[in-house]
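**Q** sequence first, then the predicted structure, then my questions.
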Amino acid sequence: MKILIVDDSKEIRDRILRLISTNTKFTKVLQAENLVQTKNMIYTEIPEVLLLDIQLPDGTAFDILDSIDKSTYAPIIIILTNYDLPLYREKAAEKGVSFFFDKSTEFLDLRYALQNLKN
């Protein structure tokens, strides 16, 4: 299973890498820090899991989700953000996000969610 970690903070990406380092279900771990890199990785690597930060330097996670043709590509989508607002949670649910975590209070919940993903 391939996972694409999208966050503009290298520190957060590194923290996520440490969090999943013992998770053997991920055969390939990809990283992107902006919208352009993310879209390119999605179309070249076709990751099964997208782990997205909402705010990116050149757009948002919702821009990424809007660009995906869900009739041909249906990844598991996880949002990990500092912007834990009801509006964002609602919008994420509308766009088919499976999990929505607050970086400051639910970071470790991410580990549990990733461990329990179905291959």
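**A** Nice, thanks for sending it over. Predicted model, so just to flag it, every value in this text is computed and none were measured. Residues are numbered from 1 along each chain as shown.

**Q** isn't K103 up against I79?
**A** No. Assessed by CB atoms under 8 Å, K103 is found out of contact with I79, at 10.0 Å. For every residue, glycine as well, the C-beta is placed using N, CA and C.

**Q** centre of the chain to the longest helix anywhere in the chain, how far?
**A** Counting by DSSP state H, the longest helix found in the chain is helix 103-115. Relative to its chain's centre, helix 103-115 lies at 12 Å (CA atoms, centre = their mean, to the nearest Å).

**Q** for the most centrally placed residue in the chain, helix, strand, or coil?
**A** Ranked by distance to the mean C-alpha position of the chain (CA atoms, centre = their mean), the top residue is L51 at 1.2 Å. Classification of L51 using DSSP: H, G, I helix; E, B strand; the rest coil returns strand.

**Q** ok, it - contacts?
**A** Going by CB atoms under 8 Å, 6 or more residues apart in numbering, L51 touches I3, L4, I5, V6, D7, I16, I78, L80, L110.

**Q** I12 now?
**A** Applying CB under 8 Å, 6+ apart, we find I12 in contact with D53, L80, K103.

**Q** quick revisit: quick check: the residue nearest to the centre of the chain vs R13, distance?
**A** Going from L51 to R13 by CB to CB, to the nearest Å gives 9 Å.
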